[in-house]
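Trainee: here are the coordinates; sequence isn't available:
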């Protein structure tokens, strides 16, 4: 014989993506922040699909069966809390530090000239602007910007450098997309998406130079978690 009870999970603040998915008013204001229009609306729908959604009941309650008899096994440990916005922004800032240093090293290497050098200079300037914007955002959130890491890059031929640049930019775009569903502040989410878009355009331009398709993952970008991104960045950081 079994009895059914309802156990309520502790309340938690919804992420910005969760609020936007369920609150039409918030969604309308957010899309206006992004520029509004059909393109922004369609883009947000695709982003929401990429980030995934929950299947919990609206009241947050979970139905549990309790059997009479021996004590049930202890529950498994709860999943870790998602990173706070300031931690996510500092994570992005670390990636941008690495990217900015990378382009400085590439430009100073003398491996490039003409239109390719011009492109790399433009991308490098974008990364510097991202660093400044993210560092300011951390301060606005009440945190302290993460320290700039020491970096090192082994630059070979021009072709190898372009391939590495494409890899770095594809990784950066995936990293921003991977955190979109965890961000609490809609303002921070909008800022992150504006940088994600630029990183993806960098990646498309560099992919074309290497002979890859502009969108190697097809019609839908693939997000990457911190656990997937950081090991790929660590070889460039001097401990």
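Mentor: That came through fine. Quick caveat: nothing in here was measured; it's all calculated off a predicted structure.
Trainee: Contacts made by stretch 155-169 with the rest, please.
Mentor: Stretch 155-169 is contacted by residues 98-99, 102-103, 105-106, 109, 111-112, 116, 120, 123, 153, 199-200, 202-203, 206-207, 209-210, 212 when judged by C-beta atoms under 8 Å, 6 or more residues apart in numbering. Heads up, the C-betas are built off the backbone N, CA and C, glycines and all.
Trainee: Quick one: list the elements packing against the lengthiest helix in the chain.
Mentor: Using DSSP state H, we find that the single longest helix of the chain is helix 114-140. On a contact count with 3 or more C-beta pairs under 8 Å, 6 or more residues apart in numbering; DSSP states H and E, helix 114-140 meets helix 85-108, helix 158-179, helix 186-210.
Trainee: between the shortest one and helix 85-108, how big is the angle?
Mentor: Comparing the axes of helix 158-179 and helix 85-108 via axes from the mean of the first three to the mean of the last three C-alpha atoms, to 10 degrees yields an angle of 170 degrees.
Trainee: Would you mind getting the angle between helix 158-179 and helix 186-210?
Mentor: Inter-element angle recorded for helix 158-179 and helix 186-210: 150 degrees (by the same axes, to 10 degrees).
Trainee: What mean pLDDT does helix 158-179 get?
Mentor: The average pLDDT for helix 158-179 rounds to 95.
Trainee: Pull the contacting residues for residue 111.
Mentor: If you count contacts by C-beta under 8 Å, 6+ apart, residue 111 has them with 155, 157-158, 161.
Trainee: try 6 Å this time
Mentor: The contact partners of residue 111, taken as C-beta atoms under 6 Å, 6 or more residues apart in numbering, are residue 158.
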